[in-house]
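Colleague: no sequence on hand, only this structure:
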């Protein structure tokens, strides 16, 4: 089996590649960047979903496509639509010319209930896949631990600004990657059951745990956010408490992340060497 992973250098995509490779699966990666490190034996193809460049070559002979590429981190509709919706449409068009590969797509819980620009683009992408006449599987998950951490880390010191009243159900990206690998080895199943993290917790609770783990002192500022998207988040439309699948807690993730960061700093060579 040949598997193409789009976004194979991202948070989840890289872990999907590593797991497939470890299982002896022939893996190839499509990325806009050429300077990245992947396991030996993984074929890399430089291409761009936004222009369609390199797609035909990357798809040649692929039996499964794990579609992880996305405009992650951009909440606006137009930039997300350009990468997610239009890029996926180009990917599917190229795939149809190369056969009928099974497309496995990673989406987000609540894209049909939260009127955020990025979520709207993800929902439209799902619809493009559903209407493509290609075999597909779509997995929706809750927010990754990594996303919550990035939001907290970008708050300007000495403040820690959080959206008032928000709750999250963060899940470990490694567990999502493992599930995606399982789906590559299964028959196309359309929409599969959602995948949620082990706990639904308020953002202030997550923020305080972050401060304890990092031994930092910050003034937590609760920022009320207006609009329908913020109201949907406060209502919990991005959560799936009935689908607790993940096992790695927020605190366990923070411990793993800090240990990993510490090891990287210890093994990093001084610049003058």
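Modeller: Now that the structure is in, tell me what you want to look at. Just so it is clear, the model here is predicted, and its values are computed rather than measured.
Colleague: what comes into contact with the least confident helix or strand in the chain by mean pLDDT?
Modeller: The helix or strand of the chain with the poorest confidence is helix 77-80; it has a mean of 76 (mean pLDDT, DSSP states H and E). With C-beta atoms under 8 Å, 6 or more residues apart in numbering as the contact definition, helix 77-80 has outside contacts at 70, 71, 74, 117, 118, 120, 121, 122. In short, each C-beta sits where N, CA and C put it, glycine included.
Colleague: by pLDDT, give me the weakest of the residues you listed.
Modeller: Least confident entry in the contacts of helix 77-80, by pLDDT: residue 74, with 68.
Colleague: ok, back up a step: buried ones only from the contacts of helix 77-80, please, as a ChimeraX command.
Modeller: The buried residues among these can be selected in ChimeraX (16 or more other C-beta atoms under 10 Å) with this line:
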select :70,71,74,117,118,120,121,122
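Colleague: re the thing from before, report the buried residues of the least confident helix or strand of the chain.
Modeller: Using 16+ other C-beta under 10 Å as the test for burial, helix 77-80 gives 77, 80.
Colleague: just give the closest residue to residue 165, not the sequence neighbours.
Modeller: In space, residue 165 comes closest to residue 234 once its chain neighbours are excluded; the distance is 4.4 Å by C-beta to C-beta, 6 or more residues apart in numbering.
Colleague: and if you look at residue 80?
Modeller: Leaving aside its sequence neighbours, residue 80 sits nearest to residue 121 (C-beta to C-beta, 6+ apart; 3.7 Å).
Colleague: just confirm that neighbour is within a helix.
Modeller: Yes - residue state for residue 121 (DSSP: H, G, I helix; E, B strand; the rest coil) corresponds to a helix.
Colleague: from now on call the first residue 694
Modeller: Shifting the count to begin at 694 puts that one at residue 814.
Colleague: tell me the contacts of it?
Modeller: Counting by C-beta under 8 Å, 6+ apart, residue 814 touches 764, 770, 773, 774, 777, 778.
Colleague: what of residue 823?
Modeller: Listed by C-beta under 8 Å, 6+ apart, the contact partners of residue 823 are 829, 831, 883.
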